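Novice: Could you work out the structure for the sequence below:
(4 chains, ligands or ions: 4)
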Amino acid sequence: SRRADRITIGVVTNCVADFWRICEAGATKAAQDFDVDLQFREPEKAFDASVQMPIIEAWVKQGIHGIAVSVIDPKAQTEDLARIAKKVPLITMDNDAEGSGRLCYIGIDNYEAGKAVGRLVKKALPQGGTIAIFIGSTKSANGKARTQGVLDELAGEKDAVGEEMAHPHRPDLRVRRFGQFYLVDGEAKEDNNPNNAQPLASSVLARLKGLPHLCAVGLYAYNPPAILDAAKSRSMHKELVIIGFDEDWETLKAIAQGEILATVVQDPFQYGYQSVAALAAYARGDSSKLVKEPIPYRVVTKDGGPDETITTPQGTLTIKNLPVQDFEARLRADIASVKK
Amino acid sequence: MTRVLGVLGLLIALYAALILSNPSAGKADNLIDVANIQGRYGLITIGAALVIIAGGIDLSIGSVVGCAAVLFGVLMEGGIPPVGAVLLTLLFGLFVGLANGLLITQLKLQPFLVTLCGMFIYRGVARLLGGTVSRTRALEEHPEFADALRQVRYVLVGKDATGELIFPAQFLLLLLVAFAIGYILHRTAYGRYWYAIGYNDQAARYAGIAVDRHRIAVYVLCSFLAALAGVLLLLDMPSVQSDSGGLGLELYAILGAVLGGCSLRGGEGTAVGMVLGAMVLPVLENLVSFRGLKSDVIPAVIGLTLLLGTMLDEWIRRRSHPRP
Amino acid sequence: MTRVLGVLGLLIALYAALILSNPSAGKADNLIDVANIQGRYGLITIGAALVIIAGGIDLSIGSVVGCAAVLFGVLMEGGIPPVGAVLLTLLFGLFVGLANGLLITQLKLQPFLVTLCGMFIYRGVARLLGGTVSRTRALEEHPEFADALRQVRYVLVGKDATGELIFPAQFLLLLLVAFAIGYILHRTAYGRYWYAIGYNDQAARYAGIAVDRHRIAVYVLCSFLAALAGVLLLLDMPSVQSDSGGLGLELYAILGAVLGGCSLRGGEGTAVGMVLGAMVLPVLENLVSFRGLKSDVIPAVIGLTLLLGTMLDEWIRRRSHPRP
Amino acid sequence: MSTPRLEVSGIRKQFPGVLALDGVSLQVAAGEVLAVVGENGAGKSTLMKIIAGLYPPDQGTIRLDGQPVHFANPAEAMAAGISLIHQELNLAENLSVQDNLFLGRELTWGGRLRLLQTSAMHERGAALLQQVGLPVDRLGQRVEYLSPGEKQLVEIARALSLQARVLIMDEPTSSLTHKETERLYEVIHSLKQAGVSVLYISHRLAEVQRCADRVVVLRDGRNAGELRGADIQHDQMVRLMVGRDLKQYYPRQHRPPRSGPVVLRLDQFRYHGGPDHAVSLEVRAGEVLGMAGLVGAGRTQLAEAVFGIRPWRSGQVWLNGQPLRLRHPKDAIAAGIALIPEDRRHHGLVLEAAVGFNLSLPNLDRLSGLLGIRRRQERRWQREWIERLRIRTPSADQCTALLSGGNQQKIVYGKWLARQPRVLILDEPTRGVDVGAKAEIYALMDELAGQGVALWMISSDMEELLGMSDRVVVMHEGRVAGELSREQLSEEAVMQLATGGMTATIPPIPRDAAAPSIAPGTPASS
Ligand SMILES: Nc1ncnc2c1ncn2[C@@H]1O[C@H](COP(=O)(O)OP(=O)(O)OP(=O)(O)O)[C@@H](O)[C@H]1O
Ligand SMILES: Nc1ncnc2c1ncn2[C@@H]1O[C@H](COP(=O)(O)OP(=O)(O)OP(=O)(O)O)[C@@H](O)[C@H]1O
Ligand SMILES: [Mg+2]
Ligand SMILES: [Mg+2]
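Specialist: Ligands and ions are numbered 1, 2, ... in the order given. Next comes the predicted model:
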């Protein structure tokens, strides 16, 4: 039903997820507000540039008017994106690729967000403890960044690698020490597929049963609920601190119930909205809507708390700490604001 | 009998290794945990095995599991009480099987192609139905389902209100189904017919067996069991994503069937074998994480173990059946 | 001949739909884009098809593609010049095929099991080799490779220094390989042997054919082509991840083969059919993005299209060959 | 005799549960035709497979021109000039006739490239087909579309193309008709002239009598005796084979024609995939209707169509006066029709399954109760039938594929007779069955006829046709060429109709060869 003269904006993500459904809602709203056509694609295969690139190439061939992409492997994709940016207005969102000639980046800094998770861990267990990190894949750029962020924060140094050792209370348990924390198996546990998340968490937790000061971190949206469920099925959720990432429905529910301590959230709705808004305006010759500074991530806890300001290489950020009800209400409002 | 010795040996070895790997590994709660997953695997493995015995193959299993889970969730969100939703979802399974069976027998399409298309189609259906489903979302809309859902969950997956796993309900369910299927396979005419069809459908036809009808029957059973597994998945797991729910399970199911003594040439396989074959992977995965192996090593270890297992199996079979 | 009419019709329909979908879709540069992907698909499809013709199956293709791509990258990072790295990677492919073939022929294991284990094992190897590989990373370590790599890339995937696609090199490569394979299949004794083995290996053995050696040969060819596809993948794409690179490609390859007229019962299939079969999916995917379909609809659309295609195919075949 | 071309001595072969060969020896000279006869399961095929390098012997030696040889595989045996026509067809049915003729030994150029010389193979292929009497246009056809008889001719042509020094024919004529058989004799004769040694296995003793210089008889895997020249007499062979005299070969109590009521009647019957002209015929209760025809005459297809395998096109079929409609063999079976198919391996049996499995398959409805199959009853029942038909197997659990050809055939009988059909269609009923068993089967048929069963016997075995039929319908290219009553019934008459009118120019089988009981009714004794 698209007419050739209408402006068309393409948004391509790095995988299929609820996170992106929220983003799509934002993008759709912007498309409505600024009267443009939207093509929103979630590549079938998660975090695979060889699936993502053909989609973008096809758009370029169609003479689309603007592309927003969640970069999977910045270092490697830069070259191709640079070439594409010469033909089509391009912005990166959710995951950046500097030097790709993109007009702007809309999103948080995953590494910084990871550090935020680390700070939450430290706050929850000031005396340190045993920590297990669960993640979909450590191969993807955002996965790497988040994990490293957490570990650096715990270790209190950049590019921390930790030290290989046996767990003081459990000689049979190999760990790496980061600051006061012992990382189970010395690495973030990859599930590579949401279906394995719960069983994996379940068997890892089983080995930690009985240890004091337990903390589990889930860095992909689906990880925290999986961890909680596993903990419950082994009745360990009482003695386990769970900290999550992203605004998975179950995670928010659990925070409200006090079963998950906190989660660090991005703003997918804004990613979508601002990407399309910016590109639509740019296509009409107005580059004012291009976003300058990174969108701050936020922390969601049961009752919220004071904002915190931190200094990053990019400058100082103020990070909001929202109570879960407010956050959820905002989220619903955002999604509801999209006309069907 | 010798057909199952190999996989039996493999299982024993794996359990031994597991129990030795870590004091808490042998504890009841862990074994129950494994058994529960084995139960769900086992159900789809039996489905796959039946199709394979009758000389076919079903690649749509994984997508059907996912689609059924999503459908189950969506139905409850839509206000259908849990029990009703379960039944409707199982009905969906029956229809999928009927579709596969009809396409294969009436239009004479290759099972591999038909079910591969099914794999895409039902994945697509799942995604059209919704994004992520979960019990909490359903209860969000319909708090009144809470009790019913809790009971269904307790009965089918053995988890209580707090979500603690009390008993391996899914494994018991597997044993129940396996017994029924085993009876059909080994004690009734239908079983004989399926084997005959798998070996030589021409001879079966000349013997007056309604080949097509029986072919359809096994596909229906297979998809039905897949749908059941989908229901269990949603009851067991915190949530199911329509794009990844059950992804790739068809391979695990077929693997279990083949490990259990089925031959993809058709006509081979026993109910006991199916159950044993299905039990392998969950133990193996549990063992691997109990040994605290690095994530990157795991696939290789799993692959090699399975390979050794099949070698052992073939070796035993050869010893007991020297063929010229 | 009639075996390929169906898929030919499907292809024509798809291209027509594509060109009508959008004025710029029919433009050369887009068609070249598609052709390039079809080329890579085609190579693994031919590999899969050969194995299927000889009565086997290879599920390790996807993992081998990924593993080869990673190996290729790692070798260059390790200081092996591009051309040398390519050759070593292809050598790796040969070894994989040899391993599969020996396990299947000498230990008499089921191809499905062996290659399924391979699927795990080579994925594992890839992950042990490294996380993510890319030309950029290799060049960081060894800037001196820049020229050589650029040339290799231009020759094999037809992209210039800026990454602009100049000509469909991968498709030309496919045509080259398809021609060679087609010649072997249809014009030499070896081809005849593969068909005979696939349909009735006993007859082949009685005819004095060295069945095992030929079985091994097709597995070697298949893995070799998969490794080649892996090389192309890394040359064509910005980067390859060891855990997802090539994931699931075996299904696409087999799908292409079967669409192209191969029967999993073995002994059927033509070189032309393989190429046509492999061309379907990339056009379909390109069409889908040109029509700007919602992501959630895509799997269903793909599945239904393929199903219609196979129905059409079977219908034509039936019309031309009324069988009892 | 100078050093024989082929000499095997003391061959022993033990299979699990079966001692197939127990010290068998034989010799063949160049240009000699040696017939090997024996009951089903005597070990003939096993011996031949050992000679041809398919199995290794447990004991014993094989000498070729005096040199001891050990063949690891068929290829080596072929290289040494030994070729084997298998009892069971072994063709790559997905390939063309021509491809099969040259499979493994294609004419190629370009050295290791093995590029096919298609035209050259076409010429030689055509010549080979003419030699065995198969229309040349079959060359390009996929083998799966050929009738069993045609396939067998392809096997023969294939073996001929080998230019072997020792040619082994394991029941080459089991589904050939008189005409093709005669042609085969000519071929064998010319091979003789060319100094080829021929090992000829058959259960059709008349054939043996016609073409063999010498006969070696096997019994229970041992040499049971040898006959040469004039001693090669039907009854002598039988005596050596079964170790006793067989009283009757064709124990047929022929009834006066048109006595029983018509049970099965086709009128103007046509089926899909069949010939265009309709077929009409009737089979009466208690009679044996013989059906003759050349290879490819369309008899099997007609039978299959009536049995519901092939969709019907037009005409009417009556069973016991009731119009019959069926879509599937199960309808036919329900109506009381049973078919003993010609192609045992593909249609008759599930070879991979056990003997008992096959026996039970069509009878499970009777063998099961509310709680499924009554296992104990089933096993007893299976044992009964194995004994009743004297099926030679270690147990009911033996894999069917491992039984000898004839014993496999008996299983097919068992599975159908147990159903007590009203119409029994037998397509090549004694294909690969030994004389003893033949006599049993004929007795069985007579008994069934006595019980009022209508038997429709498709046969390519002239003796059998003449000996068993009350009437013979002859088919030619898919149409009924004519019908012969017992009075008119003679080999010449049959051949005349079968070949479509033109007078058959084939030397008749010497009368003494065919069993004496060939004369109607008169029970024969030797
Ligand atoms: N591969 C095998 N495994 C086990 N037993 C076998 C095998 N092949 C043959 N036998 C047995 O060996 C015996 C001899 O078989 P063989 O086929 O040589 O008999 P035959 O003389 O050819 O009979 P027929 O005239 O029926 O063909 C039979 O009892 C058969 O069951
Ligand atoms: N499935 C098939 N498809 C095509 N043609 C076939 C098929 N089966 C048989 N034919 C052809 O039909 C003709 C009749 O075959 P049929 O087997 O009925 O002959 P027949 O009289 O039984 O001869 P035989 O003595 O060889 O069995 C043959 O020429 C054969 O080539
Ligand atoms: Mg024999
Ligand atoms: Mg016939």
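Novice: Can you give me the distance of B:Thr74 to A:Leu252?
Specialist: Heads up, residue B:74 is Val, not Thr. Using Cβ to Cβ, to the nearest Å, one gets 20 Å for the distance from B:Val74 to A:Leu252. All C-beta spots, glycine's among them, are computed from the backbone N, C-alpha and C.
Novice: neighbour count winner among the two?
Specialist: A:Leu252 (23 against 19; other Cβ atoms under 10 Å in any protein chain shown).
Novice: doesn't A:Arg330 make contact with the more buried one?
Specialist: No - applying Cβ atoms under 8 Å, one finds A:Leu252 not in contact with A:Arg330, separated by 11.3 Å.
Novice: residue boundaries of the strands in the stretch 201-324 of chain B?
Specialist: B:239-241 (DSSP state E, counting those that start in this stretch).
Novice: which residue ranges form the helices in it?
Specialist: In the stretch 201-324 of chain B, the helices defined using DSSP state H, counting those that start in this stretch lie at B:201-206, B:211-236, B:249-259, B:271-290, B:298-320.
Novice: Mind putting these into CSV with mean neighbour count and mean pLDDT?
Specialist: Formatted as CSV, the helices of the stretch 201-324 of chain B follow (neighbours: other Cβ atoms under 10 Å in any protein chain shown; pLDDT from 0 to 100):
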stretch, mean neighbour count, mean pLDDT
helix B:201-206, 23, 95
helix B:211-236, 25, 97
helix B:249-259, 27, 94
helix B:271-290, 25, 94
helix B:298-320, 18, 88
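Novice: For chain A, find the nearest of those helices.
Specialist: helix B:271-290 (4.2 Å; Cβ to the nearest Cβ).
Novice: Next, report how far the closest one is displaced from the centre of its chain.
Specialist: 12 Å (Cα atoms, centre = their mean, to the nearest Å).
Novice: is it up against chain D anywhere?
Specialist: No - under the criterion of Cβ under 8 Å from any Cβ of the partner chain, chain D is not reached by helix B:271-290; the shortest gap measures 13.7 Å.
Novice: That helix and chain C in contact?
Specialist: No - if you take Cβ under 8 Å from any Cβ as the test, helix B:271-290 misses chain C, and the best it gets is 10.4 Å.
Novice: Alpha carbons of that helix, as CSV, please.
Specialist: C-alpha atoms of helix B:271-290 as CSV (Å, rounded to 0.1, in the frame of the first residue of the first chain):
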residue,chain,number,x,y,z
ALA,B,271,9.1,-47.9,23.7
VAL,B,272,11.7,-48.6,26.4
GLY,B,273,14.4,-47.4,24.0
MET,B,274,12.6,-44.1,23.4
VAL,B,275,12.4,-43.3,27.1
LEU,B,276,16.0,-44.2,27.7
GLY,B,277,17.1,-42.3,24.6
ALA,B,278,15.2,-39.2,25.7
MET,B,279,16.8,-39.4,29.2
VAL,B,280,20.4,-39.0,27.9
LEU,B,281,20.6,-35.3,26.9
PRO,B,282,19.1,-33.8,30.1
VAL,B,283,21.5,-35.8,32.3
LEU,B,284,24.3,-34.8,30.0
GLU,B,285,23.5,-31.1,30.2
ASN,B,286,23.1,-31.3,33.9
LEU,B,287,26.4,-33.1,34.3
VAL,B,288,28.2,-30.6,32.1
SER,B,289,27.1,-27.7,34.2
PHE,B,290,27.8,-29.5,37.4
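Novice: quick one, it and helix B:249-259 angle?
Specialist: Orientation of helix B:271-290 against helix B:249-259 (axes from the mean of the first three to the mean of the last three Cα atoms, to 10 degrees) gives an angle of 120 degrees.
Novice: The residue in the stretch 51-200 of chain A positioned nearest to ligand 3: how many residues sit nearby?
Specialist: Nearest residue of the stretch 51-200 of chain A to ligand 3: A:Asn195, at 55.0 Å (Cβ to the ion). Residues near A:Asn195, counting by other Cβ under 10 Å, number 25.
Novice: Which of the helices or strands spans it?
Specialist: According to DSSP states H and E, A:Asn195 maps onto helix A:194-208.
Novice: now the helices of the stretch 201-324 of chain B in TSV, with distance to D:Glu186?
Specialist: Shown next, in TSV, are the helices of the stretch 201-324 of chain B (distance: least, Cβ to Cβ, whole Å):
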stretch	distance to D:Glu186
helix B:201-206	35
helix B:211-236	44
helix B:249-259	53
helix B:271-290	56
helix B:298-320	47
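Novice: Contacts made by the very next helix or strand once past the helix holding A:Asn195 with the rest, please.
Specialist: Toward the C-terminus, helix A:194-208 is succeeded by strand A:214-218 as the next helix or strand (DSSP H and E). For strand A:214-218, contacts defined as Cβ atoms under 8 Å, 6 or more residues apart in numbering or on different chains pick out A:117, A:121, A:124-125, A:129-135, A:150, A:181, A:201, A:205, A:208, A:224-227, A:231, A:236, A:239-245.
Novice: List only buried entries from the residues you listed.
Specialist: A:117, A:121, A:125, A:129-135, A:150, A:181, A:201, A:205, A:208, A:224-227, A:231, A:236, A:240-245 (16 or more other Cβ atoms under 10 Å in any protein chain shown).
Novice: name the element the most centrally placed residue in chain B belongs to?
Specialist: Centroid check for chain B by Cα atoms, centre = their mean gives B:Ile44 as the closest residue, at 1.5 Å. Following DSSP H and E, one finds B:Ile44 within helix B:28-53.
Novice: Buried residues in that helix, which are they?
Specialist: Buried-residue list, helix B:28-53, by 16+ other Cβ under 10 Å: B:29-53.
Novice: Mind checking which of the contacts of strand A:214-218 are in strands?
Specialist: Among the contacts of strand A:214-218, the members falling in strands are A:129-135, A:181, A:240-245 (criterion: DSSP state E).
Novice: Redo these as a markdown table? Include distance to B:Ala227.
Specialist: Formatted as a markdown table, the ones in strands among the contacts of strand A:214-218 follow (distance: Cβ to Cβ, whole Å):
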| residue | distance to B:Ala227 |
| --- | --- |
| A:Gly129 | 43 |
| A:Thr130 | 40 |
| A:Ile131 | 39 |
| A:Ala132 | 34 |
| A:Ile133 | 35 |
| A:Phe134 | 29 |
| A:Ile135 | 31 |
| A:Phe181 | 44 |
| A:Leu240 | 34 |
| A:Val241 | 38 |
| A:Ile242 | 32 |
| A:Ile243 | 36 |
| A:Gly244 | 31 |
| A:Phe245 | 33 |
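Novice: with these in mind, which one is nearest to chain D?
Specialist: Nearest member of the ones in strands among the contacts of strand A:214-218 to chain D, counting by Cβ to the nearest Cβ, is A:Phe134, at 48.1 Å.
Novice: residue contacts, B:Leu71?
Specialist: In this structure, B:Leu71 makes contact with B:Leu88, B:Thr89, B:Phe92, B:Ala126, B:Leu129, B:Gly230, judged by Cβ under 8 Å, 6+ apart.
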